[in-house]
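Novice: structure for the following, please:
(chains A, B, C and D)
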There are 4 protein chains.
Amino acid sequence: MDEVQVDVIADPDLEEPVLIEGLPGVGHVGKLAAEHLIEELESEPVRRVHSEYFPPQVTVGEEGVAELAGVEFHAIETGARDLLVLAGDYQANGMAGHYRVAEGFLDIAEAFGTEEIITLGGVPTGEIQEEYAVVGARNESGDRDRFEEGGVAFDTDEPSGGIVGTSGLLLGLGERRGIPAICLMGETSGYLVDPASAKAVLEVLEAVLEFEVDFTRLEQRAEELEEFLAEFQEQQSQGPQAPGDEDLRYFG
Amino acid sequence: MDEVQVDVIADPDLEEPVLIEGLPGVGHVGKLAAEHLIEELESEPVRRVHSEYFPPQVTVGEEGVAELAGVEFHAIETGARDLLVLAGDYQANGMAGHYRVAEGFLDIAEAFGTEEIITLGGVPTGEIQEEYAVVGARNESGDRDRFEEGGVAFDTDEPSGGIVGTSGLLLGLGERRGIPAICLMGETSGYLVDPASAKAVLEVLEAVLEFEVDFTRLEQRAEELEEFLAEFQEQQSQGPQAPGDEDLRYFG
Amino acid sequence: MDEVQVDVIADPDLEEPVLIEGLPGVGHVGKLAAEHLIEELESEPVRRVHSEYFPPQVTVGEEGVAELAGVEFHAIETGARDLLVLAGDYQANGMAGHYRVAEGFLDIAEAFGTEEIITLGGVPTGEIQEEYAVVGARNESGDRDRFEEGGVAFDTDEPSGGIVGTSGLLLGLGERRGIPAICLMGETSGYLVDPASAKAVLEVLEAVLEFEVDFTRLEQRAEELEEFLAEFQEQQSQGPQAPGDEDLRYFG
Amino acid sequence: MDEVQVDVIADPDLEEPVLIEGLPGVGHVGKLAAEHLIEELESEPVRRVHSEYFPPQVTVGEEGVAELAGVEFHAIETGARDLLVLAGDYQANGMAGHYRVAEGFLDIAEAFGTEEIITLGGVPTGEIQEEYAVVGARNESGDRDRFEEGGVAFDTDEPSGGIVGTSGLLLGLGERRGIPAICLMGETSGYLVDPASAKAVLEVLEAVLEFEVDFTRLEQRAEELEEFLAEFQEQQSQGPQAPGDEDLRYFG
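Specialist: Sure thing, here's the model as predicted:
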């Protein structure tokens, strides 16, 4: 197996597809958003990536069938712009691993003719959100106007801690290849898997890339979460045995 | 020394041997089972594997003779299917190390003509077992029917955390080489070295591969463990100085 | 991207420039000093270094423009000796990474004709400083006399823990290339970002390299820090809720 | 710089020198013993080894002169067997690093014509020693008789945890090159730097290799340690403020 091993699953003819990346991260906002696109729109898996920089394990799926840790690219033809959506359960491990896997992702995207990258993630606010603003960052080649029109704020030094992981590297390494790249970050508490923040991010995508997607499922997950939180708060106000922080983290 | 260094100890003529893997893991179920086969059946060491991904140390054996950290393949001719049994005291270290050592294991097995892999391990239930079910997972090429007939359950998404380490990678990387592979996991508390769970796993192997092995020694170890536990629980119910969790872990 | 990737930003004609290094470390003394030179003197960015040994992230700057983690060399013509100043927000990660990135720094300096290296850092005393002595260490080729005249003490076995990171490696690896190198370490508590210590270090540089720099901004930062500390101590003497140690660390 | 960089300092003509290794470890027994030989006998530094697997730092010595982290081989002509003594302040870092640096050490020894290796270390007993037995382990080629005559016990499975680090790897990797190797381990509490244990190990070496060394300095250090311990115990029996464990560890 190569250091970054790319398996071809299908080879549809895409027209300069926009690379949309959503891997695990803050509030799993990017992952939820990318997976929602794959599930709701007509999608086709086209590439599977394995790497010795992913955890040495298999996941077990239907009827005990195991699959080597990896991530997948799906092709989606929206009618407007074609999409190449990168999603999965893993980020690479280690400094060098992160860089090398991200370069592999860019190789795949370039082979499909990608000339624009949009990475998706969350930005932690530390507070339960009432509304879900979407913050943007871009590499130097990255377009700003279309996204500002879509409601995205590009603020100086925000997020202050930078953007860590694949979502950040695709901007930085993409710039080295001359590919415009934007990172869209939904505001989120940082304590919970956040489908409502994922929806906010997808609404920007809808506006900018001019496609439509049904949000019913994301909204249901968001409602379930709110009900859980309401119940949880009631319990907390009644009894003395307040559950620890862990109970709140990454429920979804 | 090569990154993964394979030393030839013997080169018997095996007929499409089944690779059986049992390295350290949950309850040491796989390791106990694989070592039991090597001890009870007529076995011959055929390959020894060293690697810079194993700990930088020697173990000291008889009369102070030291041996470089490594694992061994033993050949076993059962009368029915030939076996190639991989056992030892180490898993590789690090992400990349795990992948590279597992590829080395597959190279060895393929050179012997292996066309089926069975990896052995434990699956933690968090409870002391009364009975010892065996859970299975398989790669896509892996056979299911023979093992179900042998009493193995193939459940969707089980184990939910996937299969980490060599037992998992041999399924995932084996699939890439087109080798059918099954992982048999004996249920076990997860707190103790578990010879009874190892016996349950071996009984499946006996049924599927049609050989017989004497279980006296494993049963003795299981009884010793039960006596220890009974004594331990009595002490605990009498005195106030309950020993910590550590006292229970990995006794065997 | 190469393991250590050097981007050329400008290629001015420098005359045997002295390499001045100030990356993050004890009290951020070296970083503050190097950045002060870049800000106060006429400087020009000449090289940018990226590496898979830097964190896998981008920083976000003006109006949301992201930049891949890296460090920069600036050229400064002082009228006296030319300077090549290395500054930034990162040290390399990992043992090998540190060595490889430091070799890359030396390659850049040698390509510019550097024949002397001065690395800047802090040495922790564990106490709030009243005065700011500057301790020196040098590689075997390194000049001692000029720096002693500039007020630097070269003591045996000081600092006793050695010099860790880029500031140390440039001495050790520089010696292997026959480049004289000095490390100037400002005494500092070790608990705070210390602009006063950075000033003390720069005063030595001024004397030895015969240039002048305005210290107003560093002095302002030092004053702000003192005011904060005074306020903090007052609060502490009044109330019972003394803040933890963390409140003091790396304010700046 | 190469991954393992060997600098030639001198090239004396040695006659099948015995490689004696003593790097940091349990009770610093091996390091103390090896350094004692270098200091007390007529020794000459012959090789210095640097590596990116050593910490990225310099140590600072006389009058502030810094030296890149590394270890050294010294040649000693005893009149009887020639010695090649490896000593220093560092073990390699990381699994692979350990293996690669140890292979480098063996390359150097073989270039000098070494046909026997003796590695020195401590074996922790958890108790303050009254007497200092020396335990031995050997690789398969390693001689046993001469060392048993010298008072060394070769026990089965001792030490039970194996031998970790350079002292172990030189046995294991030495065997792969056909070089007989012995590890001599002085019993020691494991809590203190232990010059008395180092003396016991050296007395075995004296007997087996037929040379003599003055022990005055090691005895003085051992006495100082005993005085410190006596004082410490007295203080402890008087007052209630018993110092923590840390006060005892690695004083020397």
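Novice: beta-bridge partners for the nearest residue to residue A:9 once chain neighbours are set aside, please?
Specialist: Counting by CB to CB, 6 or more residues apart in numbering or on different chains, the nearest residue to residue A:9 once its immediate chain neighbours are dropped is residue A:45, at 4.9 Å. Yep, even glycine has a C-beta here, placed from its N, CA and C like the rest. Per DSSP bridges, residues listed as beta-bridge partners of residue A:45: residue A:74.
Novice: how many other residues sit next to residue A:45?
Specialist: The number of residues packed around residue A:45, counting by other CB atoms under 10 Å in any protein chain shown, is 14.
Novice: isn't it up against residue A:74?
Specialist: Yes - with contact taken as CB atoms under 8 Å, residue A:45 and residue A:74 are classed as touching, separated by 5.3 Å.
Novice: follow-up on the earlier one: in contact with the residue nearest to residue A:9, which residues?
Specialist: With contact taken as CB atoms under 8 Å, 6 or more residues apart in numbering or on different chains, residue A:45 is in contact with A:9-10, A:72-74.
Novice: how far away is it from residue A:11?
Specialist: Taking CB to CB, to the nearest Å as the measure, residue A:45 and residue A:11 are separated by 11 Å.
Novice: just to revisit the earlier point, now for the contacts of residue A:45: which two are most distant?
Specialist: Across these, the two members that end up farthest from each other (CB to CB) are A:10 and A:72, 11.0 Å apart.
Novice: of those two, who's got more company?
Specialist: A count of neighbours by other CB under 10 Å puts residue A:72 above the other of residue A:10 and residue A:72, at 17 against 11.
Novice: what's the burial count for whatever residue of the stretch 151-252 of chain A ends up closest to chain C?
Specialist: Here the stretch 151-252 of chain A gets closest to chain C at one residue, residue A:172, 2.9 Å apart by CB to the nearest CB. Per other CB under 10 Å, the neighbour tally for residue A:172 reads 25.
Novice: look at it and give its secondary structure.
Specialist: helix (DSSP: H, G, I helix; E, B strand; the rest coil).
Novice: so the spatially closest residue to it that is not a sequence neighbour bridges to which residues?
Specialist: For residue A:172, ignoring the flanking residues on the chain, the nearest one in space by CB to CB, 6+ apart is residue C:68 at 2.9 Å. As for beta bridges, residue C:68 partners with residue C:58 under DSSP bridges.
Novice: quick one, what contacts residue C:68?
Specialist: If you count contacts by CB under 8 Å, 6+ apart, then residue C:68 has A:169, A:171-173, A:175-176, C:50, C:58 around it.
Novice: give the PyMOL command for selecting the buried subset of the residues you listed.
Specialist: With 16 or more other CB atoms under 10 Å in any protein chain shown as the burial test, the buried ones among the contacts of residue C:68 are selected in PyMOL as follows:
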select buried, (chain A and resi 169+171+172+173+175) or (chain C and resi 50+58)
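Novice: now the two most distant members of the contacts of residue C:68.
Specialist: Spanning the widest gap among the contacts of residue C:68 are A:171 and C:50, at 13.0 Å by CB to CB.
Novice: with that, I have no additional questions.
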